[in-house]
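S.K.: Provided below for reference: sequence and predicted model.
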Amino acid sequence: MSSEKGKNEKASPYPLAARGAKEDTKVAARGAVFGAERLAIIAGPCAVETEEQVLTVAGRVQAAGATALRGGAYKPRSSPYSFQGLEEKGLEILARVREKTGLPIVTEIMDARAIPHFLKHDIDVLQVGARNMQNFTLLKELGALRKPVLLKRGMGSSVTELLQAAEYVLHGGNEDVILCERGISTFEKSTRATLDISAIPVLKKETHLPIIVDPSHAAGRPDIIPALARAAVAAGADGLIVEVHHDPSHALCDGAQALLPDAFAAMMDDVRRVAAAVGREA
């Protein structure tokens, strides 16, 4: 009985996500692959505002090396009076921009009731934001899909809790899960959040799932985003998700943390040098 107790104590709380469950997972979304030798770089505006805006940014980030386009159609905002997103109209815009550029789309889903809209427009990667990391009803519904899910770490969540959230999706049969470190809440106020660089090598030891990093939300300011991006790649991240806007002073959401396209291109040059030093490509 004591041996059985010891066996149970050693059982992983996330057996499907655990490192020994399978070989390293590679998640494909059209032309982008997460977990491959080449880094997956997602870039674009925080929110979809107009088709012209998204197309302009998409062209610039694609030219600089982005492999997927981000843009929020449904926006979880702290205030009900803030811009909430264009919702399905935003998905329509993203789908049209994908037709013109070929870039796969990454966009956030907040509610399981919106799943039909995401399927209608064939969204490539469904992002679960930090605020919904433990929305277990949503995670179960996404587990029933056969669409890649990008799961962001909650602002006050541990690495174990992130992996247990991923387990909900995996348990439903959806094996295409991408993890994202986006900064956690600490006492430090000089940045929007504290990027937990140590989470990257920890996750690499704990799970076979790919891990990307969001330096934009961690920094909350554009001047240090490139440094955080370089650090993430050096620590072993499989990719980045970065906010870019061609006119951030007039952005409807999070303009203060968006990189200008030229700054993103310069960042990508630096990222390529770091990637080459650690045996990766970008």
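M.R.: Sure thing, it's come through. These numbers come from a predicted model, not from an experiment.
S.K.: just so I have it, where are all the strands in the stretch 151-282 of the chain?
M.R.: Assigned by DSSP state E, counting those that start in this stretch, the strands in the stretch 151-282 of the chain fall at 177-181, 211-213, 239-243.
S.K.: and the ones you listed as TSV, adding mean neighbour count?
M.R.: C-beta here means a position set from N, CA and C on the backbone, and glycine is covered the same way. Converted to TSV, the strands of the stretch 151-282 of the chain look like this (neighbours: other Cβ atoms under 10 Å):
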stretch	mean neighbour count
strand 177-181	27
strand 211-213	27
strand 239-243	28
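S.K.: okay, those in TSV with distance to Ala266 and mean pLDDT next?
M.R.: Shown next, in TSV, are the strands of the stretch 151-282 of the chain (distance: least, Cβ to Cβ, whole Å; pLDDT from 0 to 100):
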stretch	distance to Ala266	mean pLDDT
strand 177-181	23	98
strand 211-213	18	98
strand 239-243	12	98
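S.K.: wait, which of those is closest to Met268?
M.R.: Nearest to Met268, of all the strands of the stretch 151-282 of the chain, is strand 239-243, at 9.2 Å by Cβ to Cβ.
S.K.: Can you list the helices and strands that that closest one packs against?
M.R.: If you count contacts as 3 or more Cβ pairs under 8 Å, 6 or more residues apart in numbering; DSSP states H and E, strand 239-243 packs onto strand 40-44, strand 211-213, helix 215-219, helix 225-234, helix 261-277.
S.K.: What pairs with the shortest one, parallel or antiparallel?
M.R.: Read that as strand 211-213. strand 177-181 (parallel), strand 239-243 (parallel) (DSSP bridges).
S.K.: chain center to it, what's the gap?
M.R.: 7 Å (Cα atoms, centre = their mean, to the nearest Å).
S.K.: what do you get for stretch 68-86?
M.R.: 15 Å.
S.K.: so what's Arg96 up against?
M.R.: Shown in contact with Arg96 (Cβ atoms under 8 Å, 6 or more residues apart in numbering): Glu51.
S.K.: how much space is there between it and His121?
M.R.: For Arg96, the distance to His121 equals 9 Å [Cβ to Cβ, to the nearest Å].
S.K.: any low-confidence regions in the chain?
M.R.: Under the criterion pLDDT under 70, the flagged ranges of the chain are 1-10.
S.K.: Please repeat the previous calculation with a cut-off of 50.
M.R.: Applying pLDDT under 50 to the chain flags the ranges 1-9.
S.K.: Helices along that one, start to end?
M.R.: Remark: helices assigned in the chain by DSSP state H are 2-10, 51-64, 88-101, 115-120, 136-143, 159-171, 199-206, 215-219, 225-234, 261-277.
S.K.: Could you export these to CSV, including columns for distance to Ala40?
M.R.: Output for these, formatted as CSV (distance: least, Cβ to Cβ, whole Å):
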stretch, distance to Ala40
helix 2-10, 33
helix 51-64, 13
helix 88-101, 16
helix 115-120, 20
helix 136-143, 19
helix 159-171, 17
helix 199-206, 14
helix 215-219, 14
helix 225-234, 11
helix 261-277, 12
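S.K.: Deepest-packed of those, please.
M.R.: Each of the helices of the chain was scored by mean neighbour count; the highest is helix 215-219, a mean of 26, by mean count of other Cβ atoms under 10 Å.
S.K.: circling back: between the strands paired with strand 211-213, which gets nearest to Ala66?
M.R.: Here strand 239-243 is closest among these (Cβ to Cβ), at 8.1 Å.
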